[in-house]
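> structure for the following, please:
(chains A, B, C and D)
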2 protein chains.
Amino acid sequence: MGKLLNNCQERGLRLTNQRELVISIIENSNDHPDVDELYKRAAEKDNSVSIATVYRTVKLLEDANLIEKLEFGDGRARYEESGKHHEHLIDVETGEVIEFIDEELEELKKQIANKLGYKLIDHRLELFGKKIKL
Amino acid sequence: MGKLLNNCQERGLRLTNQRELVISIIENSNDHPDVDELYKRAAEKDNSVSIATVYRTVKLLEDANLIEKLEFGDGRARYEESGKHHEHLIDVETGEVIEFIDEELEELKKQIANKLGYKLIDHRLELFGKKIKL
DNA sequence: CTAAATGCAAAACCTTTGCCTCAAA
DNA sequence: TTTGAGGCAAAGGTTTTGCATTTAG
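Next up, the predicted model:
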């Protein structure tokens, strides 16, 4: 069973068909679907799912810190599982999202927060770039 | 005259009272007002300004790369003058926004983009932290 | 059974836009 | 005078919510 579903059980949340479905879609998505996209993918498998439930489910998971809200500047919230521990570079020409992880960057962010007298709780970073032609 | 106003003239845009007012508010704000806040501050000085004009003005300035849109995750766009060249750390307990600049970080972001085969065009970074009690 | 979750549609937000009027150049 | 800009209100898009109904536990 996936981590998300597991955690929902532990928290005493009801495992409804709709929740299981939405959660499994999030767990099995490698891209960064917005709510409407999650809804479409869910509705394909079970057309009784409503978009309100998708919104309620992502809010639930977000409040539980199980998923993270991403904002790529297009006015729609996107989601991905927490703890994936990677950052995003967005190709400004194609919209493609490249994931990366850089330990030096992770360390530097903590250091900066500390230097300012803060403990780093969370962060959000997006790079926007243009592909270098070879 | 401020840089923003100056640049509008150069671009042949009309310097209406409303534009001048909105621009002066942006130039003289040290925080990160959202559109509604800009509108309120403008309306205080001239109650004929409409929120549509504020939206049109920020879009104008944003398209001209004179101001930058910030998203702190609350669903409202915030703006600040471009070229201020600083990042934001948000105090998760008070909502206070601390600005900082770290050259090592700036350099690292460029390096990371390059390593991935991209030229860094833009970026967005927010740190969220809790104040360390002494 | 009972409280929690869902579906539906309405409402709430933020933002954009059409249209007519006004004013900068 | 001419064309860009503004005001107003309606429309658009995303997200939230009230309420009656269903369902997991």
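
> report how many residues lie close to residue A:63.
Around residue A:63 there are 9 other residues, counting by other CB atoms under 10 Å in any protein chain shown. Just so you know, the C-beta spots here come from the backbone N, C-alpha and C atoms, and that holds for glycine as well.

> please name the residues that touch it.
For residue A:63, no residue meets the contact criterion (CB atoms under 8 Å, 6 or more residues apart in numbering or on different chains).

> so for the strand or helix carrying residue A:52, what gets flagged as buried?
Taking DSSP states H and E as the definition, residue A:52 sits inside helix A:51-63. Residues A:53-55, A:57-58, A:60-61 are the ones in helix A:51-63 that count as buried (16 or more other CB atoms under 10 Å in any protein chain shown).

> likewise for stretch A:32-50?
In stretch A:32-50, counting by 16+ other CB under 10 Å, buried: A:32-35, A:37-39, A:41-42, A:49.

> show me which pair in the residues you listed is furthest apart.
Farthest pair in the buried residues of stretch A:32-50 (CB to CB) is A:32 and A:49. Separation: 19.9 Å.

> narrow the buried residues of stretch A:32-50 to those in helices?
A:35, A:37-39, A:41-42 (DSSP state H).

> beta partners for the residue positioned nearest the centre of chain A?
When CA atoms, centre = their mean is applied to chain A, the residue found nearest the centroid is residue A:80 (1.9 Å). Using DSSP bridges, the bridge partners assigned to residue A:80 are residue A:68.

> hmm, back to that, which one of the buried residues of helix A:51-63 is nearest residue A:2?
residue A:61 (11.5 Å).

> which strand in chain A runs the most residues?
strand A:118-131 (DSSP state E).

> measure residue A:102 to residue B:118 for me?
As judged by CB to CB, to the nearest Å, residue A:102 and residue B:118 stand 14 Å apart.

> quick one: which of the two has more around it?
Legend: neighbour count by other CB under 10 Å for residue A:102 and residue B:118, higher for residue B:118 (21 against 17).

> a helix runs through residue A:15, doesn't it?
No: Residue A:15 is assigned coil when assessed by DSSP: H, G, I helix; E, B strand; the rest coil, not a helix.
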